[in-house]
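Participant: prediction below, plus the sequence it came from.
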Amino acid sequence: MRCVIARYPFDLIKSEVETQMEGVRPEPVTGACVVIGRKVFPVKQVGEIITRQDRRDFTAFEVTRALTRLGFTCHETPPESPATRSAALPTIG
């Protein structure tokens with residue numbers, strides 16, 4: 001799929017993005033993120049790896065739009081993990 005990130009055209013393929021992200025340790029997620037395999041990555045980290053550009057050169061929106069069009073699940077905020085969700089539930093007793 002052809003997309004434009006930071007005014008440069010890229011031909012991205014979902015399987016190639018997954019291959020590039022294999023073995024990469026996700027940075028802590030504080031904002032927009034994407035699920036690739038079983039890992040949750042900040043979209044800026046993924047954008048930097050797949051475009052080989054400095055993350056200051058593009059916006060999270062540009063990468064989120066491209067990854068969504070490729071079929072990845074993106075979130076504006078980090079998804080809650082089951083452990084976090086159960087810890088937030090009030091106890092009845």
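Facilitator: Yes, it's here. Numbers count the residues shown, from 1 in each chain.

Participant: show me where the chain has strands.
Facilitator: 2-5, 8-11, 33-36, 39-42, 73-75 (DSSP state E).

Participant: buried stuff in the shortest one?
Facilitator: Using 16 or more other Cβ atoms under 10 Å as the test for burial, strand 73-75 gives Cys74. Where C-beta positions appear, they are placed from N, C-alpha and C, glycine not excepted.

Participant: cool, and the fourth one?
Facilitator: By neighbour count with 16+ other Cβ under 10 Å, strand 39-42 contains the buried residues 40-42.

Participant: list the contacts of the spatially most central residue of the chain.
Facilitator: Centroid-nearest residue in the chain: Val34, 2.7 Å away (criterion: Cα atoms, centre = their mean). With contacts defined as Cβ atoms under 8 Å, 6 or more residues apart in numbering, the neighbours of Val34 are 40-41, 43, 46, 63-64, 67, 72-75.

Participant: let me have the strands of the chain in CSV, extended by distance to Thr51 and mean pLDDT.
Facilitator: Shown next, in CSV, are the strands of the chain (distance: least, Cβ to Cβ, whole Å; pLDDT from 0 to 100):
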stretch, distance to Thr51, mean pLDDT
strand 2-5, 6, 90
strand 8-11, 6, 93
strand 33-36, 14, 95
strand 39-42, 14, 95
strand 73-75, 16, 93
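
Participant: what's opposite the residue nearest to the centre of the chain in the beta bridge?
Facilitator: Counting by DSSP bridges, Val34 forms beta bridges with Phe41, Cys74.

Participant: where is the longest helix in this protein?
Facilitator: With secondary structure taken from DSSP state H, the chain has its longest helix at helix 60-70.
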